[in-house]
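*Asks:* Need a 3D model of the sequence below.
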Amino acid sequence: MVIRIGIVEDDTLLRTSLAQSLMGPEREIIFSVGSAKDAIRQLSEFGVDVLIADIHLGTELSGADVARVAEEQNPEIGVVYLTSYEDPRLALGGAPVLLVKNSVYLVKQSIESGTELVEAIEAVRNKRGGGLSTPATPLAKLTDRQMQTLALLAEGLSNKEIARKRGITEQSVAISINRISKALGVSPHLERNQRVHLARVYLGK
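*Replies:* Got it, this is the predicted structure:
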């Protein structure tokens, strides 16, 4: 049975390469678009078995949003998240990301050959997707709220500014940062260095 595939990826070169490499007797590319809105429009017109979605699309809507719309329209759909971020929350400024149940999460940098993507497509087509399948990272230890605090810290905001943004007290921010530091193995001594190290962990530097 031919697998009907939809692709949403804002990198034109990568999107074209994906469509060309996946097209074949066992797979049909139903659509290949560069924005979330175009993908949602295509999903409403054409049925697909598998959606390949970049999480960060550079717009208000993300690939995760597209995937949830696809799942609402077709609960049997499989989703392959293809992204540069080892933790999906990094793509959305630390915000929580709800992934569809029948999905595989692939980090672009970890792909060594085309077989990983094909295997992921076949897995979700056969309803064997299990959400995240990315290597464990230090950030995976953090809760969504801690990730949001860390994202604001990485932007250079002070505890006072973070507290105002999140609607909590400065003391709560300080406690949260200390817990984040412990979870990530960053020394709480010398506050300025601590914040720099935390920001570097968040930014992957």
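*Asks:* ok so I30 is a strand residue?
*Replies:* Yes - judged by DSSP: H, G, I helix; E, B strand; the rest coil, I30 forms part of a strand.
*Asks:* Number of residues surrounding it?
*Replies:* I30 has 18 neighbouring residues, counting by other Cβ atoms under 10 Å. The way it works is simple: take the backbone N, C-alpha and C, and place the C-beta from them, glycine included.
*Asks:* Ok, T115 next?
*Replies:* That count, for T115 with other Cβ under 10 Å as the rule, works out to 9.
*Asks:* Now do the contacts for it.
*Replies:* Shown in contact with T115 (Cβ atoms under 8 Å, 6 or more residues apart in numbering): no residues.
*Asks:* for stretch 41-59, how far is the first residue from the last?
*Replies:* 16 Å (Cα to Cα, to the nearest Å).
*Asks:* Next, the buried residues of that stretch.
*Replies:* Neighbour-count burial for stretch 41-59 flags Q42, L43, V48, D49, V50, L51, I52, A53, D54, I55, H56, L57 (criterion: 16 or more other Cβ atoms under 10 Å).
*Asks:* Could you measure from the spatially most central residue of the chain over to H197?
*Replies:* Nearest residue to the geometric centre of the chain (Cα atoms, centre = their mean): P88, 2.9 Å. Here the distance between P88 and H197 works out to 23 Å (Cβ to Cβ, to the nearest Å).
*Asks:* Kindly report the same for R125.
*Replies:* 43 Å.
*Asks:* what about the two, which has more around it?
*Replies:* Between R125 and H197, counted using other Cβ under 10 Å, R125 has the larger neighbour count: 21 against 16.
*Asks:* which residues sit in contact with the more buried one?
*Replies:* Counting by Cβ under 8 Å, 6+ apart, R125 makes contact with I3, D49, V50, G78.
*Asks:* what are the phi and psi angles of the last one?
*Replies:* In other words, G78. Main-chain torsions, G78, degrees, to the nearest 10: phi -110, psi 150.
*Asks:* Distance-wise, check T59 relative to A120.
*Replies:* With Cβ to Cβ as the criterion, T59 and A120 are 24 Å apart.
*Asks:* no no, S181
*Replies:* S181 is 35 Å from A120, by Cβ to Cβ.
*Asks:* Looking at those two, which has the bigger crowd around it?
*Replies:* Between S181 and A120, counted using other Cβ under 10 Å, A120 has the larger neighbour count: 25 against 19.
*Asks:* count of neighbours near A183?
*Replies:* Look at A183: counted by other Cβ under 10 Å, it has 16 neighbours.
*Asks:* What residues does it make contact with?
*Replies:* Going by Cβ under 8 Å, 6+ apart, the list of residues near A183 reads P138, K141, L142, Q146.
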